[in-house]
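Fold the following for me, if possible:
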Amino acid sequence: MPEPDRAEPERSGPVFTDADTWFASLPGVVVAAGALIVDRRDRVLLVKPNYRAMWSIPGGICEFGEPPQIGCHREVAEEVGLDVAVGCLLAVDWSQPYGVDARPIMHLIFDGGRVDGGDGIVLQEAELDDYRFTAADELPAYLPSGGLARVTAALRASTSATTEFVPHPHPLRPAGPLGS
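Next up is the predicted model:
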């Protein structure tokens, strides 16, 4: 006796997307990780990138899939030649994307500990022109406003054993007709 035709059963529930398609549809964000490194006088280590006017703390963009604390360690080693123990997360900041193809940046600042002055610092000459240790009250003269807010929050967090979120200075409007 021949087998009856077996049709696929109709599905009445949701249609699931495979994981690769679902992940590819998610919005992207760039992760940047830096270290708050101070000297014995509590001055902050700043570096002067050769590709922008203002200074910053050592650190940079994490590679795709790289955990932020590993990216922080790698960037500090590459930029200033220090093998610091990356400590606790001190500050988190989110930067709004600018431009058509821009993505937001999540900035993370970790505790990079204390160093004895410039001992062991070797600048990555391809990206950096200089370094300096800077007192907290002098930071506004060196850091752009976003970097200053992050570093100031990290300094507060380092003395209070907390993590600080640095809110974006302008509230974001919702996307779509209401935010237009």
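
Can you check which helix is longest in the protein?
Determined from DSSP state H, the single longest helix within the chain is helix 145-160.

If we go by neighbour counts, what in that helix is buried?
Along helix 145-160, these residues count as buried under the neighbour rule (16 or more other Cβ atoms under 10 Å): Gly146, Gly147, Ala149, Arg150, Val151, Thr152, Ala153, Ala154, Leu155, Ala157, Ser158. Placement of C-beta: from N, CA and C, glycine included.

With respect to Ile70, which of those is nearest?
Ala154 (18.8 Å; Cβ to Cβ).

OK, contacts around the closest one?
Leu36, Leu90, Ala91, Ile109, Asp111, Glu164 (Cβ atoms under 8 Å, 6 or more residues apart in numbering).

Excluding chain neighbours, give the residue nearest to the first one in space.
Leaving aside its chain neighbours, Leu36 sits nearest to Ala154 (4.5 Å; criterion: Cβ to Cβ, 6 or more residues apart in numbering).

how close does the one you found sit to Asp101?
Note on Ala154: its distance to Asp101, by Cβ to Cβ, to the nearest Å, is 30 Å.

helix or strand right after the helix or strand hosting Ile37?
Assigned by DSSP states H and E, Ile37 belongs to strand 30-39. Per DSSP H and E, strand 30-39 leads on to strand 44-49 as the next helix or strand towards the C-terminus.

can you tell me the average pLDDT over the helix or strand following that following strand?
Next helix or strand after strand 44-49 toward the C-terminus (DSSP H and E): strand 59-61. Mean pLDDT, computed over strand 59-61, is 97.

again, but for stretch 119-136
96.

now do stretch 149-163
Rounded mean pLDDT across stretch 149-163 is 96.

Please export the C-alpha coordinates of that stretch as PDB.
Extracted in PDB, the C-alpha atoms of stretch 149-163 (Å, rounded to 0.1, in the frame of the first residue of the first chain):
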ATOM      1  CA  ALA A 149      33.800  64.600  32.200                       C
ATOM      2  CA  ARG A 150      34.900  61.000  32.000                       C
ATOM      3  CA  VAL A 151      38.200  61.500  33.700                       C
ATOM      4  CA  THR A 152      36.700  63.700  36.500                       C
ATOM      5  CA  ALA A 153      34.100  61.000  37.100                       C
ATOM      6  CA  ALA A 154      36.800  58.300  37.200                       C
ATOM      7  CA  LEU A 155      38.800  60.300  39.700                       C
ATOM      8  CA  ARG A 156      35.700  60.600  41.900                       C
ATOM      9  CA  ALA A 157      35.000  56.900  41.600                       C
ATOM     10  CA  SER A 158      38.500  56.000  42.400                       C
ATOM     11  CA  THR A 159      38.200  57.600  45.900                       C
ATOM     12  CA  SER A 160      34.700  56.300  46.600                       C
ATOM     13  CA  ALA A 161      35.100  52.700  45.400                       C
ATOM     14  CA  THR A 162      32.200  53.100  42.900                       C
ATOM     15  CA  THR A 163      31.600  53.200  39.200                       C
END
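
Fine by me, thanks again.
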